[in-house]
Structure formats: C-alpha cells, structure tokens
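> got a predicted structure here, sequence first:
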Amino acid sequence: MQQYALIMRHEDGAKLASPEQMQEWMKMTMDWIGGIAAQNKFVSGTGLPFDGASVVMNSGGSKVVTNGPFGDIKETIGGLIVVKAESLEEAIAFAKGSPVLLGEGNSIEVRKVASDDSTH
Amino acid sequence: MHQQELIPHLFRTEFAKINAVLIKYFGFKHIELAEDLTMETFAAALENWPYQGVPEQPRAWLYQVAKNKAKNLVARQEVFRNKIEKQWVSEQELSQTGEWSETFVLDQTLQMMFAICKPEIPAESQIGLALRYLCGFGIEEISSALMVNIETVNKRLFRAKQKLKSGNKTLEFPAEDLLVQRIDNVLLTLYLLFSEGYHSENKEEVIREDLCFEAMQLTEQLLLHQKTNLPQVHALYALMCFQASRLKARKSEEGTLILYQDQDVELWDQYLIAKGVSHLHIASQGKLLSKYHLEASIAYWYTVAGERVEKWENILLLYNKLLVMQYSPLTALQRTFALSKVHGVRKAIVEAEKLDLSDNQFYHALLGYLYETVDPAMAEKNYIRARNLAKTQKEKSVLQIHIDRLNNLH
C-alpha cells in the first residue's frame, strides 16, 4: 500500500460564498473523506483556509511578503489529504469522488508520497 | 437494609477498596496476601455482626478491622521484614496512618485502576483483573459474566496477576505529565468492560447489565477525583448513560434482543438520557475532542426518537469524523447505515461494496438490509452469507427470520 497526497486546487477560493453553500460543501467534503476513512484508507488531512494566509516571494532580489497574490495566479490550494491506495488508479478514483471537482475549473493533483521504506 | 443484604452489598462496594489499600501497604508482590486479608475482614464481619449487631458505621468497622489485621501481620513479620521485602510498610508507619478517610480510600482505588489498565497488560486480562480487583467479583461471578468456565478464569487471572506484579511495584498515580496519556488506557478498559456487557450479541446471553453498571460506577469514581475529573472522562460517562438508557427497551421478555427501530420508546430511561446530556455538556467545555466525545454525540442522537433528517445527517457527520480519528470495521458499517438514511439505499450499497469486509457477518447483514427494497434476491443471498458466518444460535435465528420473510415474497 502506497500513500498519495491529493492536493485540491480551486479556480477561485472566494467563490464559495453563502453560509448555506459553505455548510453544504462541508457536509459533502466530510462524506467524501468519511467514505475513504470507512475503507481504512484515510491517512491525514489539512484544510488551508484563506484567512491567515501570506505569500513570501522573491521580487527583484528581495524577499517580499504579501497578503497573497491569489489573484495573480489562476488557482489556489484549498487543502490536501493523504490517502492509502494500492495503485495510482485507486488514488485517482478517490480524487474523482471529491466535491471540489463539482466546481468548474477546479482540479486535484494526485502525488505519490515518497516513503523511506522501498517495500511499500 | 437488612443484615443478610448488607454484607453482600458492602462486599460489592468495599472489597476492591480495602484490597487496594492493603496492596498499597504490602506492594503488588504480595497481592495474594492482600486478598486473603480482605477476605478475612469480611469473614470477621460475618462472624461478629449476627451476634453483636451491625455496627453503626459498618464501612468504618471494616476499614478498622482490615487495618488491624494488617498491623498484626506486619508485627508478626517485622523480624523478617528487612530480609523479605524492603518496600513493606512498617508497623510504625501503619500506626501513624489515622482512620482510612474516603479520599484516602478513593486515592488507592483509582491508583489500582491505573495499575491494571496498562498497555502492557492484554485487554482480555485487564477485563478479568478489573472485575476481580475493581468490582470485587468472585471467580464464579467472573466466569458467568464473561461466559467462560471457572478453570479458564483461574488460568487467565493467574497469568494476569503475574503481569500485574511484574508491571507494578507499589500503588501510585502516574506522574502528572503521563496522567493524560495513561487515563486513555483506563478509559479504554472501562469502555471495553461496558461494551462487554452491552454488545454481547456474540454470546448466548443477550445483555449483561451488571457489567454495564459496574463500568459506570468505576467511571463515576474517576469523576470524583480532582486528578481524573477530565473532559474525556465526562464524555465516556455521557456515552455510557445514553447507551444504558436503552437497556430495558432492548430486551424482550424472552430475553432476546430487540433492535433499535423496534424498541418501545416509552421504555427509554429519560433520567439517564438527561444525565448523559449534562455530562456531555461538561465534557464539551474546553478544546479537547476525544473519540468518546464523538461516540457520546452519536449516542445522544440515537436517544432522539423518530426519523428526522437532521438526526441522521448529524449521525453521519459524526461517524465521518470518528472514522477519520480512528477506523474500525463496525464504525464503517454503522456509517454506511447512517448514509443510507441520509442519501438512500442505492448510494449506500455502492459505498458498502467498497468496504472490503466480506468476512464480516455484520457486513452481509447490512447489505441484506440495504438490498431488501431494491433487489430481494441479493438481500436473501447476503442474509444467508451473514447467517453462515454468525457464531451463535441466537444470531443465526434472527437472520433466519429475514431469510424466511424474503422467501415468502417470491
């Protein structure tokens, strides 16, 4: 069994507007994660809220801190979860179930997590 | 209370306490000695009370007798003491301890809980030790509570006692920084003890309420002590209250198990439910969210009668969180059941089939239930699978009822 990180990217983080929508989205996300956990394949998860976010970047040789150039780049990372899967295909199937993909233009990047133990 | 009831009652409540204090005096190495003296103390009560009458404060009487017996023993052994056992309490120390106060006794009882509930001691042994040294059960009682024969109980207890001795020297509270970690083990043992009584569908006997109430009493003792009056302890206690509120409603007159949806709501114990709510409320003050918080919240929603959407949505959400915190096949199945209530059976079937639990009888029983309305043939197939995997006659016959009912439909 190998671990994979599912990195969720939103087209525009600010789009999730109304509290009702937020709540509905939270429920769907928990159902999605619960479904993976019910198969004993959930490892960890972290939400990445936009408040308390900064970007440190190299601008003309000096390090500049901004509140986030979330407008400059097209996508922002909304969160990530790590799952266990037998294969990349299985990890992709997990990703396909995510409610993040209900939003047009959103994407999930699936990445194998490097492990020290080569037998994994 | 009459004398003939009083002694058994005191035995049940005081055996473990007296035994714990004596272990404090002699160390775990001499646990048998402590047990003998405790037994002798009760024997003394049986010999004296019928003639001299029950003392005004029977508990204090017992404590005094136990203490005197310890003192005499120590005096007899004092000569050898330095050679035998350095940790042994001295006669002088014994004389200096005043009357055994309630707090003193509670201290020792809780320390005994910590001594037994150590990760090094296998869960099975912990339950046996808990029944003997925390609940004061005799060998015969343990045998009938755990549905194993007396010989097995003796063997298990013997081995468990060796573990107890090798894992502990004296009776003490874990250091402050270890306490929170160690209390998890204590709670797990109490939780297992409660579950042993509550989820005994695997056994021929349906519900053994005694075990549930013993586990609750021990949890209450934890709540009495400042060191162990912690949010997760309140959460576990709330969980037990909610579960125990249905004990009466779960059992039919013939002693068979009545399923949740078929229970008479009037029989749910509203007092216990209210008690659970108040402890869950205390548990929720603070930031800690333990697995018991989630389980107690789920158990709370189960005490809400009826089929409101909100109820099952909350239960599903809590199961999702619980699974993220800690996976167990049973939780995965319960979550799938809740999912069927919120999103319908078709979606639940798809989710259930991903679970990879085909060796699990409850998995097939759940699939049987889910398929009933959409595909009766599949339902029957799954119920048969579940029946073949079931371990007891009682379970098999409950599943057979479903199979027969589906058969009558064709």
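Here it is on my side, so go on.

> the helix or strand encompassing residue B:125: which residues count as buried?
Using DSSP states H and E, residue B:125 sits within helix B:123-129. Residues of helix B:123-129 classed as buried: B:125-129 (neighbour count, 16 or more other C-beta atoms under 10 Å in any protein chain shown). Placement of C-beta: from N, CA and C, glycine included.

> now do stretch B:257-273
Within stretch B:257-273, the residues that count as buried by 16+ other C-beta under 10 Å are B:263, B:268-269, B:272-273.

> and the residue of chain A found nearest chain B, how far from residue B:22?
Across chain A, the shortest distance to chain B (C-beta to the nearest C-beta) belongs to residue A:34, at 2.9 Å. From residue A:34 across to residue B:22, the span is 50 Å (C-beta to C-beta, to the nearest Å).

> same check, this time on residue B:38
6 Å.

> touching both of those two, which residues are there?
residue B:66 (C-beta atoms under 8 Å, 6 or more residues apart in numbering or on different chains).

> got the residue ranges for the helices in chain A?
A:19-37, A:88-96 (DSSP state H).

> oops, could you answer that again for the stretch 301-410 of chain B instead?
For the stretch 301-410 of chain B, the helices defined by DSSP state H, counting those that start in this stretch cover B:309-325, B:329-343, B:345-352, B:361-371, B:376-389, B:393-409.

> once you drop chain neighbours, what's closest to the closest residue to chain A within the stretch 251-400 of chain B?
Going by C-beta to the nearest C-beta, chain A is nearest to residue B:320 of the stretch 251-400 of chain B, at 2.9 Å. Distance criterion C-beta to C-beta, 6 or more residues apart in numbering or on different chains; nearest residue to residue B:320, sequence neighbours excluded, is residue A:34 at 2.9 Å.

> am I right that the one you found is in contact with residue B:324?
Yes - between residue A:34 and residue B:324 there is a contact under C-beta atoms under 8 Å: 7.0 Å.

> who has more neighbours, those two?
Higher neighbour count among residue A:34 and residue B:324: residue A:34, with 26 against 20, using other C-beta atoms under 10 Å in any protein chain shown.

> which ones are touching that one?
Applying C-beta under 8 Å, 6+ apart to residue A:34 gives the contacts B:316, B:319-321, B:323-324, B:335.

> in TSV: the residues you listed, plus pLDDT.
Listed next are those as TSV, based on pLDDT from 0 to 100:
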residue	pLDDT
B:316	96
B:319	96
B:320	96
B:321	95
B:323	96
B:324	94
B:335	96
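
> how about those residues, which pair is most distant?
Using C-beta to C-beta, the pair of those lying farthest apart is B:316 and B:324, separated by 12.9 Å.

> what does the pLDDT read for the residue lying closest to residue B:148 once chain neighbours are set aside?
Closest residue to residue B:148 in three dimensions, ignoring its sequence neighbours and counting by C-beta to C-beta, 6+ apart: residue B:156, at 7.7 Å. In this prediction, residue B:156 carries a pLDDT score of 89.

> just give the number of residues close to residue B:11.
Neighbourhood size, residue B:11 [other C-beta under 10 Å]: 20.

> which one is it nearest to, not counting chain neighbours?
residue B:42 (5.7 Å).

> state the distance from the one you found to residue B:62.
7 Å.

> how about residue B:213, what does it touch?
B:197, B:244.

> if I look at it, how far off is chain A?
Note on residue B:213: its distance to chain A, by C-beta to the nearest C-beta, to the nearest Å, is 33 Å.

> name the element that residue belongs to?
helix B:209-224.

> what of residue B:294?
helix B:291-302.

> so which elements touch that helix?
The elements that helix B:291-302 packs onto, with contact taken as 3 or more C-beta pairs under 8 Å, 6 or more residues apart in numbering or on different chains; DSSP states H and E, are helix B:231-244, helix B:270-283, helix B:309-325.

> helices and strands around the first one, which ones?
Applying 3+ C-beta pairs under 8 Å, 6+ apart, we find helix B:231-244 packed against helix B:176-198, helix B:209-224, helix B:270-283, helix B:291-302.

> tell me which of those helices is the most buried.
Comparing those by mean neighbour count (mean count of other C-beta atoms under 10 Å in any protein chain shown), helix B:291-302 ranks first with a mean of 22.

> check the offset of that helix from the chain's centre.
Helix B:291-302 sits 17 Å away from the centroid of its parent chain (C-alpha atoms, centre = their mean, to the nearest Å).

> and what of stretch B:23-37?
25 Å.

> tell me which residues of it come out buried.
If you call a residue buried by 16+ other C-beta under 10 Å, then stretch B:23-37 has these buried ones: B:23-31, B:33-35, B:37.

> how long is it from one end to the other?
Taking C-alpha to C-alpha, to the nearest Å, stretch B:23-37 runs 10 Å from one end to the other.

> quick check: mean pLDDT of it?
For stretch B:23-37, mean pLDDT is 88.

> hmm, back to that, how close does the residue nearest to residue B:148 get to residue B:128?
Distance of residue B:156 to residue B:128, computed by C-beta to C-beta: 5 Å.

> do residue B:318 as well
Distance of residue B:318 to residue B:128, computed by C-beta to C-beta: 32 Å.

> please apply the same query to residue A:108.
According to C-beta to C-beta, residue A:108 stands 50 Å off from residue B:128.

> then residue B:308?
Remark: distance between residue B:308 and residue B:128 (C-beta to C-beta) = 42 Å.

> around chain A, which positions in the stretch 201-350 of chain B sit nearby?
Within the stretch 201-350 of chain B, the positions near chain A by C-beta under 8 Å from any C-beta of the partner chain are B:313, B:316-317, B:319-321, B:323-324, B:327, B:331-332, B:335-336, B:339, B:343.
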